[in-house]
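Enquirer: Sequence isn't available, so here's the structure alone:
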């Protein structure tokens, strides 16, 4: 599983109290769209789903099945779309095992902070693809929701098409 | 003035509650020593001074005059060493103006978080040289102490001598 996220240079995945990744550059958005095409499934938390709900509901596809982790799947029953968009209260491990059993081999983990912490703590993340925007926020939602002590290996670092935005790739193994 | 700092990939300048930058890699320490040689002066906060006090007192030099910003300069009178180590309660702007007047043209700003915020808010930082260690902490002292909305230009990005540590250079202008 690949965790894909964008943040300020000082580690915030939102700009102050503004929900979502509206601060992300057009370079990041363009890279993100292309990167997602390489995955057959994605997982996100309910807060992340709510921020992008209309965009997601308008772009459902069997090519990339979406899973939303929530403590209250029933609440989202109207939005669910079998084989395309599912809401589940499973543990990260149970969900990932089920997805593998159903043939999903390339999953993108799309946040937010609570989901990052949950899946990293469970040892389910193979790589982190981190977009670093050229800005400092000093406040916002941090990348993780809980203390951690995680070492990574740097796989690569590149500027996104001539912008001031960096893409860092790390291996968690 | 160049702000020089090391942080985890998620933006913490300490590992959890551990004071200082003990988490920094040997690659960063080696780069930091070489980088400092290019400066004729440095500024740090009193917390940063206290963590490195014995190292600093053992390496005083007229080649790089050190200034420690504190609300209580008298408290440090015993450690002061004219022309080499000074404690001051001046504002960032007043200190920088005085330093320029005394011929200091290359100043390194060495943290911590409160100092970062103070000097950035005052518009006194020209560049940020940010070491990004390949780790996630989820908790610790953040890079800034206060909310900010700062845009930067990426000057460069490089791996420090074959390590997994990155050096990012940004311009604040």
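Expert: Right, received. Where do you want to start? Here the structure is a predicted model, which is why all the values come from computation and not from measurement.

Enquirer: Does anything pack onto the host helix or strand of residue A:120? Which helices or strands?
Expert: Residue A:120 is part of helix A:113-121, with elements assigned from DSSP states H and E. Taking 3 or more C-beta pairs under 8 Å, 6 or more residues apart in numbering or on different chains; DSSP states H and E as contact, the helices and strands that helix A:113-121 lies on are strand A:2-8, strand A:41-45, strand A:107-109. All C-beta spots, glycine's among them, are computed from the backbone N, C-alpha and C.

Enquirer: Now tabulate these in CSV and tack on distance to chain B, mean pLDDT and mean neighbour count.
Expert: Rendered in CSV, the data for the helices and strands packed on helix A:113-121 read as follows (distance: least, C-beta to the nearest C-beta, whole Å; pLDDT from 0 to 100; neighbours: other C-beta atoms under 10 Å in any protein chain shown):
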stretch, distance to chain B, mean pLDDT, mean neighbour count
strand A:2-8, 8, 98, 23
strand A:41-45, 16, 98, 22
strand A:107-109, 14, 98, 25
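
Enquirer: hang on, the earlier thing: which element is encountered next along the chain beyond the helix holding residue A:120?
Expert: Secondary structure here is assigned by DSSP H and E; on that basis, the next helix or strand after helix A:113-121 toward the C-terminus is strand A:127-133.

Enquirer: For the residue in chain A positioned nearest to chain B, report the pLDDT, please.
Expert: Closest residue of chain A to chain B, C-beta to the nearest C-beta: residue A:11 (2.3 Å). According to the per-residue confidence, residue A:11 scores 98 in pLDDT.

Enquirer: ok, back up a step: now render the helices and strands packed on helix A:113-121 as CSV, adding distance to residue A:135.
Expert: Listed next are the helices and strands packed on helix A:113-121 as CSV, based on distance: least, C-beta to C-beta, whole Å:
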stretch, distance to residue A:135
strand A:2-8, 5
strand A:41-45, 23
strand A:107-109, 23
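
Enquirer: Of those, which is nearest residue B:124?
Expert: The stretch from the helices and strands packed on helix A:113-121 with the least distance to residue B:124 (C-beta to C-beta) is strand A:2-8; that distance is 20.4 Å.

Enquirer: what inclination does the closest one have with respect to helix A:113-121?
Expert: What separates the directions of strand A:2-8 and helix A:113-121 is an angle of 140 degrees, with axes from the mean of the first three to the mean of the last three C-alpha atoms, to 10 degrees.

Enquirer: on contacts alone, who are the packing partners of strand A:2-8?
Expert: Right, strand A:2-8 is packed against helix A:26-36, strand A:107-109, helix A:113-121, strand A:127-133 by 3+ C-beta pairs under 8 Å, 6+ apart.

Enquirer: Would you mind naming what in chain A lies close to chain B?
Expert: Contact residues (C-beta under 8 Å from any C-beta of the partner chain) of chain A with chain B: A:7-12, A:15-16, A:117, A:120, A:128, A:130, A:132, A:134-139, A:142-154, A:157, A:159, A:164-166, A:168, A:170.

Enquirer: Need the residue closest to the centroid of chain A.
Expert: Within chain A, one residue has its C-alpha closest to the average C-alpha position: by C-alpha atoms, centre = their mean, that is residue A:110, at 1.1 Å.

Enquirer: wait, what's in contact with that residue?
Expert: Taking C-beta atoms under 8 Å, 6 or more residues apart in numbering or on different chains as the criterion, residue A:110 is in contact with A:4-5, A:42-44, A:48.

Enquirer: neighbours of residue A:37, just the number please.
Expert: For residue A:37, the number of neighbouring residues by other C-beta atoms under 10 Å in any protein chain shown comes to 8.

Enquirer: what's it sitting at in phi/psi?
Expert: phi -60, psi -20 (degrees, to the nearest 10).

Enquirer: Check what pLDDT it gets.
Expert: In the predicted model, residue A:37 carries a pLDDT score of 95.

Enquirer: same check, this time on the one 10 residues further on
Expert: The model reports residue A:47 with a pLDDT of 96.

Enquirer: Now name the helix or strand holding it.
Expert: helix A:46-51.

Enquirer: now residue A:93
Expert: Counting by DSSP H and E, the secondary-structure element that holds residue A:93 is helix A:92-101.

Enquirer: List the buried residues of that helix.
Expert: Along helix A:92-101, the positions that meet the burial threshold by neighbour count (16 or more other C-beta atoms under 10 Å in any protein chain shown) are A:92, A:95-96, A:99.

Enquirer: helices or strands up against that helix?
Expert: The elements that helix A:92-101 packs onto, with contact taken as 3+ C-beta pairs under 8 Å, 6+ apart, are strand A:65-69.

Enquirer: mind checking how far the strand it packs on is from the chain centre?
Expert: Relative to its chain's centre, strand A:65-69 lies at 11 Å (C-alpha atoms, centre = their mean, to the nearest Å).

Enquirer: Now flag whichever of the contacts of residue A:110 is closest to residue B:23.
Expert: residue A:5 (21.2 Å).

Enquirer: Kindly provide the distance from residue A:39 to residue B:115.
Expert: Relative to residue B:115, residue A:39 is positioned 42 Å away (C-beta to C-beta, to the nearest Å).

Enquirer: Those two: which has the busier surroundings?
Expert: Just comparing residue A:39 and residue B:115: by other C-beta under 10 Å the higher neighbour count belongs to residue B:115, 23 against 20.

Enquirer: Surely that one touches residue B:45?
Expert: Yes - Residue B:115 is in contact with residue B:45 according to C-beta atoms under 8 Å; the separation is 4.2 Å.
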